[in-house]
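[1] dropping the sequence and predicted coords here.
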Amino acid sequence: MATNALARLHGDDAVATSRIYLGVAIGALLAAPLGVAVAAWFGWTRFFLMLGLVAAAIAVAVALLPRLRLTSSAGERVGARRILFRRSVQAQAALTLIQFAAMFCLYAFIAPILTASHVGPAAASGWLLLFGLAGIAGTMIAGYATGRALGTAAIAIAALLVLPGLLLQFLPLSPFALLLSLSLWGMAHSAAFVVCQLRMTRAAPQAPRLAAALNISAANLGIALGTSIGGWSVALGGMAALGGTAALLGLIALAGAWRVARDLPSSVHPAAV
């Protein structure tokens with residue numbers, strides 16, 4: 001809904017999507033350290049009470065927002081549901097699932113990866129901050145790139161997400177290698193959220209909200225699947241097996257991105273978003 005509203009204001013689905021996920025990236029970056037600090041100052045009970053009050057304030061703000069008029073007829077809405085059976089849309093959803101499985105196969109174990117590179121608890125927060133800042137940059141770059149060449153951006157992001165798994169074969173990483181890998185990883189990780197949503201909505205411009213919901217469902221399934229696969233890999237073969245598994249999933253996603261990229265339109269008319 002937020003992307004739909006912002007796209008109508010800006011007339012550009014790529015800008016709208018990147019700005020929405022920019023807010024998500026900034027929120028994720030600030031949430032953990034800010035939450036810990038507030039909990040340490042006021043206690044966890046009051047902290048969760050504050051979160052409840054913030055959620056209530058957001059609910060009021062949403063209720064006060066201008067209403068978006070529903071422009072489609074009942075027949076058009078029935079027709080929109082048929083996009084679920086399009087092979088092109090199903091291919092995009094499958095790619096999102098594999099992409100997120102590859103991403104979270106590693107991301108769920110980022111703390112053990114830092115530990116394996118001899119990063120202590122005191123320094124880990126700084127490296128995680130770097131990852132988050134790189135993610136903000138990646139989200140902004142994705143908004144620019146996807147508005148001009150979505151297919152190329154999808155291939156590039158998929159290729160970048162193969163690298164972290166390959167680098168895990170060389171643990172422990174030197175500080176420079178860790179800096180480079182976390183920067184590229186953070187950028188690609190956050191950019192993938194923008195790219196995946198735009199792939200889906202542009203594959204089904206007649207029903208972008210339904211396509212976005214399908215994309216989120218596929219992403220959540222991929223997160224659960226990737227985290228589980230990552231855990232099994234670590235249990236069976238340690239960090240090296242984790243890296244190899246993530247790289248393999250990433251290569252499958254790269255092949256899928258290469259296959260579907262040619263079918264992606266370069267833009268979508270604002271009225272269709």
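    Received it, and whenever you're ready, just let me know what you need.
[2] quick one: the helices in this protein?
    2-10, 13-42, 44-64, 74-81, 87-107, 110-116, 121-146, 150-160, 163-167, 175-203, 208-261 (DSSP state H).
[3] pLDDT averaged over the longest one - what is it?
    Meaning helix 208-261. In this model, helix 208-261 has a mean pLDDT of 92.
[4] average pLDDT across stretch 99-118?
    Averaging pLDDT along stretch 99-118 gives 90.
[5] buried stuff in that stretch?
    99-110, 113-117 (16 or more other CB atoms under 10 Å). For every residue, glycine as well, the C-beta is placed using N, CA and C.
[6] return the distance of residue 148 relative to residue 108.
    32 Å (CB to CB, to the nearest Å).
[7] check residue 98 too.
    16 Å.
[8] center of the chain - which residue?
    Taking CA atoms, centre = their mean, the centroid of the chain lies closest to residue 193, which sits 2.8 Å from it.
[9] was I right about it contacting residue 24?
    Yes - counting by CB atoms under 8 Å, residue 193 does reach residue 24; the two are 7.2 Å apart.
[10] low pLDDT regions in the stretch 1-150 of the chain?
    1-19, 21, 28-29, 32-33, 36-37, 68-81 (pLDDT under 70).
[11] at 50 what do you get?
    Within the stretch 1-150 of the chain, the stretches with pLDDT under 50 are 6-7, 9-11, 75.
[12] quick one, what contacts the closest residue to residue 186 other than its chain neighbours?
    Distance criterion CB to CB, 6 or more residues apart in numbering; nearest residue to residue 186, sequence neighbours excluded, is residue 134 at 3.1 Å. Contact analysis of residue 134 by CB atoms under 8 Å, 6 or more residues apart in numbering lists 182, 183, 184, 185, 186, 187, 190.
[13] distance-wise, check the residue lying closest to the third one once chain neighbours are set aside relative to residue 179.
    The shortest distance from residue 184 to any residue that is not its chain neighbour, by CB to CB, 6+ apart, is 5.7 Å, and that residue is residue 160. Look at residue 160 and residue 179: by CB to CB, they are 16 Å apart.
[14] and for residue 92?
    Per CB to CB, residue 92 is found 34 Å from residue 179.
[15] settle it for me: which of these two has more neighbours?
    residue 92 (27 against 14; other CB atoms under 10 Å).
[16] so who does the more buried one touch?
    Residue 92 makes contacts with 199, 200, 203, 215, 260, as judged by CB under 8 Å, 6+ apart.
[17] which one of those is nearest to residue 83?
    residue 203 (8.2 Å; CB to CB).
[18] ok, the closest one to residue 42 distance?
    47 Å.
[19] now do residue 85
    52 Å.
[20] more neighbours, the two?
    More crowded of residue 85 and residue 42, by other CB under 10 Å: residue 42, with 12 against 8.
[21] for the more buried one, which non-adjacent residue is spatially closest?
    Nearest one to residue 42, counting by CB to CB, 6+ apart, is residue 50 at 7.6 Å.
[22] ok, now residue 96?
    residue 218 (4.2 Å).
[23] and for the one you found, the neighbour number?
    23.
[24] kindly report the same for the one 5 residues further on.
    By other CB under 10 Å, 18 other residues sit near residue 223.
[25] how about the contacts made by it?
    With CB under 8 Å, 6+ apart, residue 223 has these contacts: 100, 101, 103, 104.
[26] okay if I get those as TSV plus distance to residue 232?
    Listed next are those as TSV, based on distance: CB to CB, whole Å:
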residue	distance to residue 232
100	17
101	12
103	17
104	13
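[27] and the residue lying closest to residue 163 once chain neighbours are set aside, how far is that from residue 192?
    Once flanking residues are discounted, residue 163 sits nearest to residue 184: 6.2 Å by CB to CB, 6+ apart. The gap separating residue 184 from residue 192 is 12 Å, by CB to CB.
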